[in-house]
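J.: With the sequence up front, the predicted model follows.
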Number of protein chains: 2
Amino acid sequence: MIAAKISGQSGTWVAPIATVDVVILKLTGKTLSVLLSRRAEEPAKDAWALPGSFIRSNEDRSLEDAARRTLASKAEAQSPYLEQLQTFGGPDRDPRGWSLTVAYFALLGRNAIDPPGSGRWFEIRKSGIDVDLPFDHKDILAAALDRVRRKVEYSSVPVHLLPDAFTLSELQEVYETLLERPLDKSAFRKKIAAMDFLEPIAGERRRGSNRPAQLYRARAAGELVLFDRLV
Amino acid sequence: MIAAKISGQSGTWVAPIATVDVVILKLTGKTLSVLLSRRAEEPAKDAWALPGSFIRSNEDRSLEDAARRTLASKAEAQSPYLEQLQTFGGPDRDPRGWSLTVAYFALLGRNAIDPPGSGRWFEIRKSGIDVDLPFDHKDILAAALDRVRRKVEYSSVPVHLLPDAFTLSELQEVYETLLERPLDKSAFRKKIAAMDFLEPIAGERRRGSNRPAQLYRARAAGELVLFDRLV
DNA sequence: TAAATAGTGTCTATCAGACATTATCTG
DNA sequence: CAGATAATGTCTGATAGACACTATTTA
């Protein structure tokens, strides 16, 4: 790699290295998990890290393209939710020099498939994950979790962590998992109904000797609905 | 400028051009205005555009540094609010090639000073601004306005558009301007009091033959307070 | 019919908004 | 005192949350 030189009023300097990184999240049971891949190259060779890629100017038509390309190489999902998170940059985050990464986060439904050799899922406990991340990937992961958890308060984020069809009890469980507090069933259902972003679909879910549950789906798959009040 | 070549699995490509752009906003009367500067260089020489700069790897310690440097060259404010907005990138947004810009927005208080020759303020009307912006700067401006207006619903954003000391009536007026709807005085004051992010300071504001108004200031200057309910 | 979960109804404290009233200043 | 804006009080409808109750299934 040849560093690009730029000349300006304050002298001559080198263009930053530009990458995208994707925080890929799904639920494993009641726990959020993040998909990490083992780095094949230096720096931090063999370390578990967030999946990332250089931005390829000969191939990518946009930043989101680059993120989708990175995501697609690691997981297949029917309608993954992908959102730009934040851009991180600085002289010290990568030993190769001044670098910036446009970070995205993706939410996968329960029926997502990971291709073989694509990486490993790490459960996110209160103490964090069981591995040290290179670069500033710990900060990026923290920012993604912060964003997701905050958005749960006023959006349909949890829908994207469920399969296409789900019950209201399942949806409530995901809200509770992410908010880390119990919700009242009656109040929850009133709010969800008022937001009007779900529709009942044919079929019921039976999972025991009890009344079966109605199945629902999101009206707009892959889209996020913002609420006009808080959960 | 020499383009950086990168080699990878999918061939050889060129590193993107990396810049920061800043959407600098303040209130002129009851209208939001944006600070534009006249471009000194090609491309789009002589056009009014968002203030921006290359990221200088020899000088900037972070992306925010680069944004603050750009902001400081255009305006002086006691405690400007600066927030990363979004990163825009693609092959066609700049004729020089694949480029990305990390966009920030800044909110200036009413007593901010613009150094001479720093640019011109353009009022933002419903129809937009009175000038065509080059590159994708129209999209960036729209994203900034969207973010600011959305955040008004659940944060102390309007405080940063006022001088250090202000009255509750002035604060309500800014909320109303940005939300484009009237608010009830009694309800507004109850909410602001509940959020507990203001403190009364010595002094009153007199502006007519009527009862003078108590002055307040934000407890944490330059900080944004997020509310736990909507305005 | 017992047990379990789904789904709904009822009650109440709280609160946002509408509106009225009081407070304080100048001319 | 009239007129203006600041500041606060009162009332009411809406609703979130607590909790109880009904519905529906299997063993």
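T.: Structure received.

J.: for chain A, what spans make up the strands?
T.: For chain A, applying DSSP state E gives strands covering A:5-8, A:11-14, A:17-28, A:31-38, A:48-49, A:52-54, A:81-90, A:99-107, A:120-123, A:198-205, A:213-218.

J.: looking at those strands, which has the lowest confidence?
T.: In terms of average pLDDT, strand A:5-8 trails the rest of these, at a mean of 77.

J.: how about the residues of chain A that lie near DNA strand D?
T.: Residues of chain A lying close to DNA strand D by Cβ under 7 Å from any atom of the strand are A:183-187, A:190-191, A:194, A:206, A:208-212, A:229. For the C-beta atoms, the positions are set from N, CA and C on the backbone; glycine is no exception.

J.: 6 Å instead?
T.: Where chain A comes near DNA strand D, counting by Cβ under 6 Å from any atom of the strand, the residues are A:184, A:186-187, A:190-191, A:209-212, A:229.

J.: For these, pick the one with the most neighbours.
T.: A:K191 (16 neighbours; other Cβ atoms under 10 Å in any protein chain shown).

J.: In contact with the closest residue to it other than its chain neighbours, which residues are there?
T.: Leaving aside its chain neighbours, A:K191 sits nearest to A:V231 (6.4 Å; criterion: Cβ to Cβ, 6 or more residues apart in numbering or on different chains). By Cβ atoms under 8 Å, 6 or more residues apart in numbering or on different chains, the residues touching A:V231 are A:152-154, A:175, A:179, A:183, A:188, A:191.

J.: if we go to 7 Å?
T.: Taking Cβ atoms under 7 Å, 6 or more residues apart in numbering or on different chains, we find A:V231 in contact with A:152-154, A:175, A:191.

J.: Can you tell me how far it is from chain B?
T.: For A:V231, the distance to chain B equals 11 Å [Cβ to the nearest Cβ, to the nearest Å].

J.: Could you check how far that residue is from A:R150?
T.: 11 Å (Cβ to Cβ, to the nearest Å).

J.: A:S62 touches B:G90, doesn't it?
T.: Yes. Look at A:S62 against B:G90 with Cβ atoms under 7 Å: they come within range, at 4.9 Å.

J.: Contact distance from chain B - what residues of chain A qualify?
T.: A:1-6, A:8, A:10-11, A:13-18, A:54-59, A:61-63, A:84, A:86-87, A:89-91, A:97-98, A:100, A:102, A:229-230 (Cβ under 7 Å from any Cβ of the partner chain).

J.: one more time with 6 Å, if that's ok
T.: A:1-6, A:10, A:13-16, A:18, A:54-59, A:62-63, A:87, A:89-90, A:98, A:102 (Cβ under 6 Å from any Cβ of the partner chain).

J.: Among those, name the ones that also lie close to DNA strand C.
T.: Within the residues of chain A next to chain B, nothing lies near DNA strand C by Cβ under 6 Å from any atom of the strand.

J.: Kindly write the ChimeraX command that selects the buried subset of those residues.
T.: Restricted to buried positions by 16 or more other Cβ atoms under 10 Å in any protein chain shown, the ChimeraX selection for the residues of chain A next to chain B reads:
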select /A:3,4,6,13,14,15,16,18,54,55,56,57,62,63,87,89,90,98,102
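
J.: for stretch A:142-162, the distance to its chain's centre please.
T.: Taking Cα atoms, centre = their mean, to the nearest Å, one finds stretch A:142-162 lying 9 Å from the centre of the chain it belongs to.
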